[in-house]
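[1] just a sequence and a predicted model for now, questions to come.
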2 protein chains.
Amino acid sequence: MSSPEPKPQRADARRNRERIVEAARDVFAEAGLQAQMDDVARVACVGVGTVYRHFPTKAALLGELMATKFRHHAEVARRWGAETDDGWDAFEGFLRETFAAMARDATLQQRMSWTQVGEAVARAEAERQILSGVVGELIERAQAQGRMRATFTVQDVPALMCAVGAVMAARESAPIDAERFVEFVIDGLRA
Amino acid sequence: MSSPEPKPQRADARRNRERIVEAARDVFAEAGLQAQMDDVARVACVGVGTVYRHFPTKAALLGELMATKFRHHAEVARRWGAETDDGWDAFEGFLRETFAAMARDATLQQRMSWTQVGEAVARAEAERQILSGVVGELIERAQAQGRMRATFTVQDVPALMCAVGAVMAARESAPIDAERFVEFVIDGLRA
DNA sequence: AACCATACGGAGAAGCCGTTCCGCTTGTCA
DNA sequence: TGACAAGCGGAACGGCTTCTCCGTATGGTT
């Protein structure tokens, strides 16, 4: 339908795209949203022009990062769902692993609810829905087995992510124990 | 020692300072941190120069806002502590009232963990410590009466604030039910 | 009323940052 | 190996925002 063969990319172009995404992940993780495109380019050892060839705007680059993140989280959820029979254990495993991943680039995670990032999130909408579906199944199973609060729903997951992300991001500029907070959150979900 | 009589301010200056703070509260609450100093000036019906006369930088203005907020929260905590004998009820009342206040200007609250805001928070450090002291007493009482988890400490309060603030701020750009989240949080603190 | 220190207004300087543009380089394919 | 499309680099543009500067206005005081 859309593009049967979207045309092969030149080898260096593919390599550069890769580098840019990696650099962006590092740079945004460290400096937050106010990191500049020039920084991304420099870290990727590439000109700004090249960055813009691959991602037409900053939001597009951010969008790619978010999509990647959602894909990764969905993968984690799927794995726990497949490997663990107990519904609650699967969900708890997923949550802990995801939170740990967030700790690494909490800054980006926190900013997901931003003005400027609104557009970026929109670009990752497909991935977000997939993630939501997978996690929803985990939750249903845990509740069916009576080990999770019945009032908790998939719609609450973004709030959780948001909260934990904010706490982790804040940790850098304030003496906050994010791990303890995570324990409170998880405890609060048990039946 | 420092300034026995710091010199009286001219009446118009005092009036303008007041106006600026009020305007800043409104403007930042509505547009978040990216609101401009010009906006504040306009809403205050004052020139930018006047804003800068009273607050040498944007961070200083933000700092004043935070200090006010901390003072207010401390006042709320004191009131609940004085009027309510049951330790848990006092703490819960304080939390709920504070969260409700945060809902009104969640944007500002969330951004408290920012690079640029780091400086602003530093300027409100004194107020933060006072607040911390008052809330600490509430917590101790609730725990002494066995109605609150013993593992919870005053140091965890910023995390709570941060988390709830983030969720409330995110609500504007995503379908998140902040009230439900607040219930989870409070439930998680009960003994 | 007359004086002047204090305070005001707002144009614009200074600087930051996303994005564009175009001359040059390089991978690819015949 | 030569030709050319695809891709690259990075100077510079333009918009936006914080902060400065200084001529003007005004509250307070004598």
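    Everything's here; your move.
[2] which SS class is residue A:158?
    On the three-state scheme (DSSP: H, G, I helix; E, B strand; the rest coil), residue A:158 is labelled helix.
[3] and it, how many neighbours does it have?
    Other residues near residue A:158 come to 21 when the count uses other C-beta atoms under 10 Å in any protein chain shown. Bear in mind the C-beta positions are built from the backbone N, C-alpha and C, glycine included.
[4] and if you look at residue A:167?
    The number of residues near residue A:167, taken as other C-beta under 10 Å, comes to 32.
[5] in contact with it, which residues?
    By C-beta atoms under 8 Å, 6 or more residues apart in numbering or on different chains, the residues touching residue A:167 are A:176, A:178, A:181, B:159, B:162, B:163, B:166.
[6] which residues are in contact with the second one?
    Counting by C-beta under 8 Å, 6+ apart, residue A:178 touches A:103, A:164, A:167, A:168, A:171, B:159.
[7] quick check: which of the residues you listed has the minimum pLDDT.
    Within the set of the contacts of residue A:178, pLDDT is lowest for residue A:171 (74).
[8] what's the distance between the residue positioned nearest the centre of chain A and DNA strand C?
    By C-alpha atoms, centre = their mean, the mean C-alpha position of chain A lies nearest to residue A:69, the distance being 3.4 Å. Noted for residue A:69: a distance of 20 Å to DNA strand C, by C-beta to the nearest atom of the strand, to the nearest Å.
[9] close to DNA strand C: what parts of chain A are there?
    Counting by C-beta under 7 Å from any atom of the strand, the residues of chain A close to DNA strand C are A:8, A:10-12, A:34, A:36-38, A:48-49, A:52, A:56-59.
[10] and which of those residues is nearest to chain B?
    residue A:34 (6.8 Å; C-beta to the nearest C-beta).
[11] residues near the closest one, how many?
    Residue A:34: 12 surrounding residues under other C-beta under 10 Å.
[12] pLDDT wise, what is the closest residue to DNA strand D within chain A at?
    The nearest approach of chain A to DNA strand D comes at residue A:49, 1.8 Å away (C-beta to the nearest atom of the strand). Residue A:49 carries a pLDDT value of 98.
[13] what's the closest non-adjacent residue to residue A:97?
    residue A:76 (5.2 Å; C-beta to C-beta, 6 or more residues apart in numbering or on different chains).
[14] for residue A:171, same thing?
    Closest to residue A:171 by C-beta to C-beta, 6+ apart is residue A:178, at 5.0 Å.
[15] try residue A:160
    Computed as C-beta to C-beta, 6+ apart, the closest residue to residue A:160 that is not its neighbour in sequence is residue A:185, at 6.4 Å.
[16] how about residue A:175?
    residue B:155 (7.0 Å).
[17] residues contacting the one you found?
    Contacts of residue B:155 by C-beta under 8 Å, 6+ apart are A:175, A:176, A:177.
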